[in-house]
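1. Predicted model follows, preceded by the sequence.
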Amino acid sequence: MSEFRDRIQANMDVTLEQVCRELPNGGCHEERKYIAERMIECARGGGTTLGELDAVARRALLNLTQKRSA
């Protein structure tokens, strides 16, 4: 994670916490890891704003909830 500037890292941390609040008990390790990995991919591709990271994290959250109900 040291590849990201402090501001980008802070954006990722805030976004992960906000999105995981929607999971039961804040999400398990694997759920949080899945969402974080999607945000890392986004940031590596240049998507570093709160809005971009939030959109990716919410999409990952939706994927998780759809997998659970399937």
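-> Received it, and whenever you're ready, just let me know what you need.

2. Where does pLDDT dip in the protein?
-> Along the chain, the model assigns pLDDT under 70 to residues 1-3.

3. How are the strands of it distributed by residue range?
-> For the chain, no strands turn up when DSSP state E is the criterion.

4. and the longest helix for it?
-> Ordering each helix of the chain by length in residues (DSSP state H) puts helix 50-69 first.

5. I'd like to know which elements that one is packed against.
-> Counting contacts by 3 or more Cβ pairs under 8 Å, 6 or more residues apart in numbering; DSSP states H and E, helix 50-69 is packed against helix 6-20, helix 29-44. All C-beta spots, glycine's among them, are computed from the backbone N, C-alpha and C.

6. got the buried residues for it?
-> Residues 52, 53, 54, 56, 57, 58, 60, 61, 64 are the ones in helix 50-69 that count as buried (16 or more other Cβ atoms under 10 Å).

7. show me the contacts for the first one.
-> The reference is to residue 52. By Cβ atoms under 8 Å, 6 or more residues apart in numbering, the residues touching residue 52 are residue 42.

8. Next one: it from residue 40, what distance?
-> Residue 52 sits at a distance of 13 Å from residue 40 (criterion: Cβ to Cβ, to the nearest Å).

9. Check the last one too.
-> As defined by Cβ to Cβ, residue 64 lies at a distance of 16 Å from residue 40.

10. same question, the second one
-> According to Cβ to Cβ, residue 53 and residue 40 sit 10 Å apart.
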